[in-house]
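K.L.:
Can you look at this prediction? I've put the sequence above it.
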Amino acid sequence: MSALQTDVGDIEQLSQEDRERLALTGLEVGMQNRCGSFFQIDQNVIQTTCGAEGIEMIPIKAALEKYDWVKDYYWNAVSRDKDKYTQYLAKQESPQGLVVIAQPGVKVAMPLQACLFLREEPVQHVHNIFIAREGSEINIISGCASSWQKEHGAHIGVTEIYVGKGARVTSTMIHNWNPGISVFPRSATIVEEDGTFLSNYVCMQPVNQVNMYPTARLVGKNAVARFSSIVVATPGSTLDLGSRAILGAEHTSAELITRAITTGGTIISRGHILGEKDNTRGHIECKGLILKDGIIHAIPEIEGTLTGTELSHEAAVGKIARHEIEYLMARGLSEEEATATIIRGFLDVKISGLPAVLQAQIDAAIDKAESGF
Amino acid sequence: MLDISDLHVNVDGTEKLHDINLHIGQGETHILMGPNGSGKSTLLKAIMGFGGYTITSGSIVFKGQDITGMSIHERAHLGIGMMFQHPPAISGLKLEKLLAATSHLGQDAIEALAQTVNMEDFLARDTNVGFSGGEIKRSEVLQLKVQQPDFLMLDEPESGVDLENMSLMGKEIAGLLEKDVHIVNRRRSGLIITHTGYILDYLEADQGHVLIDGQIRCHGNPREILRVVKEKGYGECLRCKQM
Ligand SMILES: Nc1ncnc2c1ncn2[C@@H]1O[C@H](COP(=O)(O)OP(=O)(O)O)[C@@H](O)[C@H]1O
Ligand SMILES: [Mg+2]
């Protein structure tokens, strides 16, 4: 294991503006509250360091060379031929990205951070693999951002997550792009018996488009998956987002929760739960607020194939009710304060089991976006 | 404290209040009675400044200032507060977040106040979401205890409240109106809408008014008005204006 670096080395070279942008995606430059850190600028890995016993963070290229077995996890949960973006990634001679391996029973509450920064190149490609062995628990915060002066570009990322028996993986992704950047994450998770997968996604800053539909396959009994998304579409942004859970073993359950706000952009909020085993449960909840004319299109799908599955969904899209604003005004808040207070409540999704530092990161992203409402 | 002169209020293009005149002095509490739909809530909402309650003529003067054109929160800052009959449920907004946002109180102070109205277990719940009738009233009283308005408007504080809660509500409302302070030093005033008059078991009121079809028909001693309405119904008040 390499010695723990106490700061993010080359980040010193970044401009103040870029550092602030990164801080908003969860990057802790000083490494307080982080037990490990991976930092990739464009196609260059500039830092990989981990101070947690029993957890290995290693660039994917090195991982494939070091461990023969890693190839079994490479293009396994996600298929190479899924679409043109995965095909593009599969063609890369030199894959970039991060592999995290948590040894059996190792539990680390403090998050690992993975920072993916798009600075100069037209396309950043990333392939991550997170492996949580039996009984392990890890929290990963992925911050993805582009340089403040980067006008156009694309980020294509594959993330394959393997949650072992009784393991628990919390993956929190915070995006902070620019109006000309297009983003195509392609990720999938396999959850074994008694495993728990929590996925949190926050995107509240302008972007050209984000297009993703991550899937969790619950293949072992009692496996649980929960996807929570908090997104804001500003004018010119198109967020085509979804999440899918396949309840492929008995007593598995999944929950897909979305809070979407448009201030003029377009949000398509998809969701799909497939119940194909007995004693399975799934719920989709999408709430949308239209603050300024824009589009929120909720497309929840629930699909059951036998009597022993119980699936439901609820979706609501609208504006803030006038009488709610006036109620708070009668308590002394100005119209703007009342509106912001209601929006803050709207976005306050209960993500139970989320470590305080991750919640603080999400709150910070919300605070930052809120000043623009 | 409050002077309403020749007030006419439209809702949805029809006049709902006609020529209202009302004077409430500092330290006074007034009772407002009247049949359902007579315009009692409309009067309170017009005083608070809600959208949709258009003042077509007349004026509302509060603490010497004409507030007729002021926004709701400016009125709240001047010291007007209101207990809603049907407050909205705000999904996502925790009651404690609402209380923190509308005051400078810290968490400890908020918790201590919540305990006085048995609302400590509701602080972490979404405001008014799934609250029972009594819980809604206690939530309203708690918000007003945080706000501490000088002029308090209560829209049917008894409705939906059981006996035990009524006693708590009555005492808390009396406290908000500084009923424990000698009349000479009392600064707070109130306007209370009631059908039953139960609230008079907990506090003294100085004057009563009866609103019928958008017009104030009687002024007088609140207990006497209550007795007449109970015995003879509101028809008696219709005659009273003519006397
Ligand atoms: N927001 C509103 N929109 C339409 N009509 C209203 C509104 N508020 C009150 N009204 C009407 O005005 C009249 C008086 O209502 P209200 O003041 O609530 O009566 P009260 O409180 O005396 O029972 C009723 O006919 C009611 O239907
Ligand atoms: Mg009423």
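P.N.:
Arrived safely. Numbers count the residues shown, from 1 in each chain, chains lettered A, B, ... in the order given. Ligands and ions are numbered 1, 2, ... in the order given.

K.L.:
all strands of the stretch 251-373 of chain A, in order?
P.N.:
Taking DSSP state E, counting those that start in this stretch as the criterion, the stretch 251-373 of chain A contains strands spanning A:253-262, A:266-275, A:280-290, A:295-304, A:309-318.

K.L.:
can you tell which of these is closest to residue A:124?
P.N.:
strand A:266-275 (23.7 Å; C-beta to C-beta). Where you see a C-beta, it was placed from the backbone N, CA and C, and this is true even at glycine.

K.L.:
Rounded mean pLDDT for the closest one, please.
P.N.:
Strand A:266-275 comes out with an average pLDDT of 97.

K.L.:
Repeat that for stretch B:222-241.
P.N.:
The model assigns stretch B:222-241 a mean pLDDT of 82.

K.L.:
Need the CA coordinates for that stretch. CSV is fine.
P.N.:
The C-alpha trace of stretch B:222-241 is given here as CSV (Å, rounded to 0.1, in the frame of the first residue of the first chain):
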residue,chain,number,x,y,z
PRO,B,222,-69.0,39.3,23.6
ARG,B,223,-70.8,37.1,26.2
GLU,B,224,-74.1,38.8,25.6
ILE,B,225,-73.8,38.4,21.8
LEU,B,226,-72.9,34.7,22.3
ARG,B,227,-75.9,34.2,24.5
VAL,B,228,-78.3,35.9,22.0
VAL,B,229,-76.9,33.9,19.1
LYS,B,230,-77.2,30.7,21.1
GLU,B,231,-80.7,31.4,22.2
LYS,B,232,-82.2,33.0,19.1
GLY,B,233,-79.8,32.4,16.3
TYR,B,234,-78.2,34.9,13.9
GLY,B,235,-81.7,36.2,12.8
GLU,B,236,-81.7,38.3,15.9
CYS,B,237,-78.6,40.1,14.8
LEU,B,238,-80.1,40.9,11.4
ARG,B,239,-82.8,42.8,13.4
CYS,B,240,-80.2,44.4,15.6
LYS,B,241,-78.7,46.5,12.9
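
K.L.:
now the helices for chain A?
P.N.:
Secondary structure of chain A (DSSP state H): helices at A:16-23, A:60-66, A:84-91, A:322-330, A:335-347, A:356-370.

K.L.:
winner for burial among those helices?
P.N.:
Burial of these is given as mean neighbour count (mean count of other C-beta atoms under 10 Å in any protein chain shown); helix A:322-330 ranks first at a mean of 22.

K.L.:
hmm, it touching ligand 1?
P.N.:
No. Helix A:322-330 is not in contact with ligand 1 by C-beta under 6 Å from any ligand atom; minimum separation 9.0 Å.

K.L.:
just checking, what packs against that helix?
P.N.:
Counting contacts by 3 or more C-beta pairs under 8 Å, 6 or more residues apart in numbering or on different chains; DSSP states H and E, helix A:322-330 is packed against helix A:335-347, helix B:72-78.

K.L.:
mean pLDDT for the ones you listed: which is lowest?
P.N.:
Of all these, helix A:335-347 carries the lowest average pLDDT, namely a mean of 91.

K.L.:
Go ahead and measure how far it is from the middle of the chain.
P.N.:
Using C-alpha atoms, centre = their mean, to the nearest Å, the mean C-alpha position of helix A:335-347 is found 24 Å from that of the whole chain.

K.L.:
residues touching residue 85, list them.
P.N.:
I'll assume chain A. Taking C-beta atoms under 8 Å, 6 or more residues apart in numbering or on different chains, we find residue A:85 in contact with A:156, A:184, A:186.

K.L.:
My question was about chain B, not that one.
P.N.:
If you count contacts by C-beta under 8 Å, 6+ apart, residue B:85 has them with B:41, B:155, B:156, B:159, B:193.

K.L.:
what's the burial count for the first one?
P.N.:
Same thing as residue B:41. Neighbour count for residue B:41, taken as other C-beta atoms under 10 Å in any protein chain shown: 20.

K.L.:
what's the answer for the one 4 residues further on, then?
P.N.:
Here the count is done by other C-beta under 10 Å, and residue B:45 has 24 residues near it.

K.L.:
now swap in residue A:179 and tell me
P.N.:
Close neighbours of residue A:179, defined as other C-beta under 10 Å, add up to 14.

K.L.:
Then residue A:278?
P.N.:
For residue A:278, the neighbour count with other C-beta under 10 Å is 13.

K.L.:
Residue A:305 is in contact with that one, correct?
P.N.:
No. Using C-beta atoms under 8 Å, residue A:278 is not in contact with residue A:305, being 10.5 Å away.

K.L.:
ok now do residue B:88, which residues does it touch?
P.N.:
Counting by C-beta under 8 Å, 6+ apart, residue B:88 touches A:321, A:323, A:324, A:327, B:128.

K.L.:
Which helix or which strand is home to residue B:129?
P.N.:
Assigned by DSSP states H and E, residue B:129 falls within no helix or strand.

K.L.:
how about the residues of chain B near ligand 1?
P.N.:
By C-beta under 6 Å from any ligand atom, the residues of chain B that approach ligand 1 are B:11, B:12, B:16, B:34, B:36, B:37, B:38, B:39, B:40, B:41, B:42, B:52.

K.L.:
Buried ones only from these, please, as a PyMOL command.
P.N.:
A single PyMOL command selects the buried members of the residues of chain B next to ligand 1 (16 or more other C-beta atoms under 10 Å in any protein chain shown):
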select buried, chain B and resi 11+16+34+38+39+40+41+42
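
K.L.:
could I get the residues of chain B next to ligand 1 as a markdown table with secondary structure?
P.N.:
As requested, the residues of chain B next to ligand 1 are exported to a markdown table (DSSP: H, G, I helix; E, B strand; the rest coil):
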| residue | secondary structure |
| --- | --- |
| B:11 | strand |
| B:12 | coil |
| B:16 | strand |
| B:34 | coil |
| B:36 | coil |
| B:37 | coil |
| B:38 | coil |
| B:39 | coil |
| B:40 | helix |
| B:41 | helix |
| B:42 | helix |
| B:52 | coil |
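
K.L.:
Just put the residues of chain B next to ligand 1 in a markdown table and tack on pLDDT and distance to residue B:172.
P.N.:
Listed next are the residues of chain B next to ligand 1 as a markdown table, based on pLDDT from 0 to 100; distance: C-beta to C-beta, whole Å:
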| residue | pLDDT | distance to residue B:172 |
| --- | --- | --- |
| B:11 | 96 | 31 |
| B:12 | 94 | 35 |
| B:16 | 96 | 31 |
| B:34 | 93 | 25 |
| B:36 | 93 | 26 |
| B:37 | 94 | 29 |
| B:38 | 95 | 27 |
| B:39 | 96 | 27 |
| B:40 | 96 | 22 |
| B:41 | 96 | 21 |
| B:42 | 97 | 26 |
| B:52 | 94 | 30 |
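
K.L.:
which of the contacts of residue A:85 lies closest to ligand 1?
P.N.:
residue A:184 (48.5 Å; C-beta to the nearest ligand atom).

K.L.:
Next one: the closest one relative to residue A:83, how far apart?
P.N.:
9 Å (C-beta to C-beta, to the nearest Å).

K.L.:
Looking at chain A, which residue reaches furthest from the middle?
P.N.:
Using C-alpha atoms, centre = their mean, the residue of chain A lying farthest from its centre is residue A:330. It sits 38.5 Å away.

K.L.:
quick one, what contacts that residue?
P.N.:
The contact partners of residue A:330, by C-beta under 8 Å, 6+ apart, come to B:48, B:72, B:73, B:76, B:81, B:82, B:84.

K.L.:
follow-up on the earlier one: for residue A:362, state which of the contacts of residue B:88 is nearest.
P.N.:
residue A:324 (23.4 Å).

K.L.:
List phi and psi for the residue nearest to that closest one when sequence neighbours are not counted.
P.N.:
Excluding the flanking residues, the one nearest residue A:324 by C-beta to C-beta, 6 or more residues apart in numbering or on different chains is residue B:88, at 4.8 Å. With angles defined as degrees, to the nearest 10, residue B:88 sits at phi -70, psi 150.

K.L.:
rewinding a little: mind putting the contacts of residue A:330 into a markdown table with neighbour count?
P.N.:
Shown next, in a markdown table, are the contacts of residue A:330 (neighbours: other C-beta atoms under 10 Å in any protein chain shown):
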| residue | neighbour count |
| --- | --- |
| B:48 | 21 |
| B:72 | 26 |
| B:73 | 21 |
| B:76 | 24 |
| B:81 | 25 |
| B:82 | 28 |
| B:84 | 23 |
